[in-house]
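Participant: sequence and computational prediction follow.
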Amino acid sequence: MIPRDRLVTVDRAGQLQQRAGVPLACAEVNLFSSNAEPIETKTGLAHYALKPFSLKTAVTTEVWSVDQVRVTTAEGTAILPPFESFQHALGAAPELYWMIWRDESRRAPKAATEPLKPGQEAPHERAVAVNREVLRGLEFALVGANGQPVDPAARRQLDVTLSCTNGNLVGMRERKLALRDGDSADEIVLLAPPSASPAPVFRRGELWELLFWLVPQAIRLNADGLAQFKRLCTRFAMFAPDAGRRFDALVSLSNARIRRWMPGKPASAFVQGLEIRLVIDEQRFLRFSLDGLGRAMERFFTPYVPVTSFVQVVLFSADTGAVLRRGEPCPGSQPLA
């Protein structure tokens, strides 16, 4: 809480940390709890729109996670477990589980896999027409123990508790945040404009590719791995002002085994290392820092060598072949065992 007459300034940052316990030099997490609009199950449908109540007042509200799902039937209320849980014991697990679809290709109404009973076709078509307009964004799915969509036999109400965020605030004009309960006695002022934080869009197969990139030594250090390396860099820089197009300036990727005299204790010695050679088109990389690129590449390539070795990144000019930047040897991070 920051009183209105005591707005935060850079000069008072240290005093604020001591008095209010506000952590500095760390990333702020803007999460708050919210309930989703109650879901009434309909005959023949297993997928439903998931919308937080906050969307009625703030269109930028985004769902961060689903914390709990309560199902109400004629028999009472119970907690509905997620499909990705450890509650699949035979004889103890319920008939229904829930899943959340985020893939763009799945954001459309779908019928349950179980065949419809006679007389259910008309209600099913009406339910699909009603849900077609609201199924935008996340999809809440009712599934069975095999992960396939199911149609609950009886009418049920689902009450969903969410964790939400205000989404991407990079374009906000005023650096002021309002308290959730509407208390106007205090206000919070951002010291700097918020950075971009839009939700990533993953199409078919891209999540598997992302998992593949998290594996150490995922990229071949030769001409065959250049295209994949550029695609990886672009993916993690897609929210930058240039949308990652700076990495189109990477012309060549290669490596060489080198040997250097490394001072150390108790004695100096020759150490085998790995030299990463990147050829850069200077004209296409003119607006960006070569030193920043080199330091980022050093952190990326340290898992390619063990802790007893080192990696050195060298940037070359595509026009003249001259060395643009020769980094210092960086110890490897690959464990020996």
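Facilitator: Yep, that arrived.
Participant: as a check, name the ranges of all strands in the stretch 51-200 of the chain.
Facilitator: For the stretch 51-200 of the chain, the strands defined by DSSP state E, counting those that start in this stretch cover 62-73, 76-79, 97-101, 139-143, 157-165, 176-177, 188-189.
Participant: confirm that Gly225 lies within a helix, as I assumed.
Facilitator: Yes - judged by DSSP: H, G, I helix; E, B strand; the rest coil, Gly225 forms part of a helix.
Participant: so how far is Trp213 from it?
Facilitator: Using C-beta to C-beta, to the nearest Å, we find Gly225 at a distance of 12 Å from Trp213. Any C-beta I mention is one placed from the backbone N, CA and C, and that applies to glycine too.
Participant: hey, what's in contact with both of these two?
Facilitator: Ile219 (C-beta atoms under 8 Å, 6 or more residues apart in numbering).
Participant: in the stretch 151-300 of the chain, where is pLDDT below threshold?
Facilitator: Within the stretch 151-300 of the chain, the segments meeting pLDDT under 70 span 174-187, 197-205.
Participant: which stretches in it count as helices?
Facilitator: Ranges of helices within the stretch 151-300 of the chain are 206-213, 226-236, 290-301, based on DSSP state H, counting those that start in this stretch.
Participant: using TSV, lay out the ones you listed together with distance to Arg257 and mean neighbour count.
Facilitator: Formatted as TSV, the helices of the stretch 151-300 of the chain follow (distance: least, C-beta to C-beta, whole Å; neighbours: other C-beta atoms under 10 Å):
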stretch	distance to Arg257	mean neighbour count
helix 206-213	24	13
helix 226-236	19	17
helix 290-301	14	16
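Participant: what are the contacting residues of stretch 317-326?
Facilitator: For stretch 317-326, using C-beta under 8 Å, 6+ apart, the contacting residues are 251-252, 279-283, 290-291, 294, 312-316.
Participant: apply 6 Å and report the result again.
Facilitator: With C-beta atoms under 6 Å, 6 or more residues apart in numbering as the test, stretch 317-326 has contacts from Val251, Val279, Asp281, Glu282, Leu290, Gly294, Val314, Leu315.
Participant: with stretch 284-302 instead?
Facilitator: Contacts to stretch 284-302, defined as C-beta under 6 Å, 6+ apart, come from residues Arg246, Ala249, Ile276, Val311, Val313, Leu315, Leu324, Arg325, Gly327, Cys330, Gly332, Ser333.
Participant: what about burial for these, which qualify?
Facilitator: Buried by 16 or more other C-beta atoms under 10 Å: Arg246, Ala249, Ile276, Val311, Val313, Leu315, Leu324, Arg325, Gly327, Cys330, Gly332, out of the contacts of stretch 284-302.
Participant: out of these, name the ones that lie in helices.
Facilitator: Here DSSP state H is the test, and these give no hits in helices at all.
Participant: closest one to Val305 out of those, please.
Facilitator: Set against Val305, the nearest of the buried ones among the contacts of stretch 284-302 by C-beta to C-beta is Gly332 (3.3 Å).
Participant: who's in contact with the closest one?
Facilitator: Going by C-beta under 6 Å, 6+ apart, Gly332 touches Thr302, Val305, Pro306, Val307, Ser309.
Participant: most tightly surrounded among the strands of the stretch 51-200 of the chain?
Facilitator: Mean neighbours per residue, mean count of other C-beta atoms under 10 Å, is largest over the strands of the stretch 51-200 of the chain for strand 139-143, with a mean of 22.
Participant: please enumerate residues in contact with that one?
Facilitator: 46-48, 50, 83, 96-97, 99, 101, 106-107, 149-150.
Participant: report the two of these separated the most.
Facilitator: Taking C-beta to C-beta, no two of the contacts of strand 139-143 sit farther apart than Leu96 and Arg107, at 21.4 Å.
Participant: which of those two has more residues huddled nearby?
Facilitator: Neighbours per residue, other C-beta atoms under 10 Å: of Leu96 and Arg107, the larger number sits with Leu96, 21 against 15.
Participant: ok, that one to Arg155 distance?
Facilitator: Taking C-beta to C-beta, one finds Leu96 at 13 Å from Arg155.
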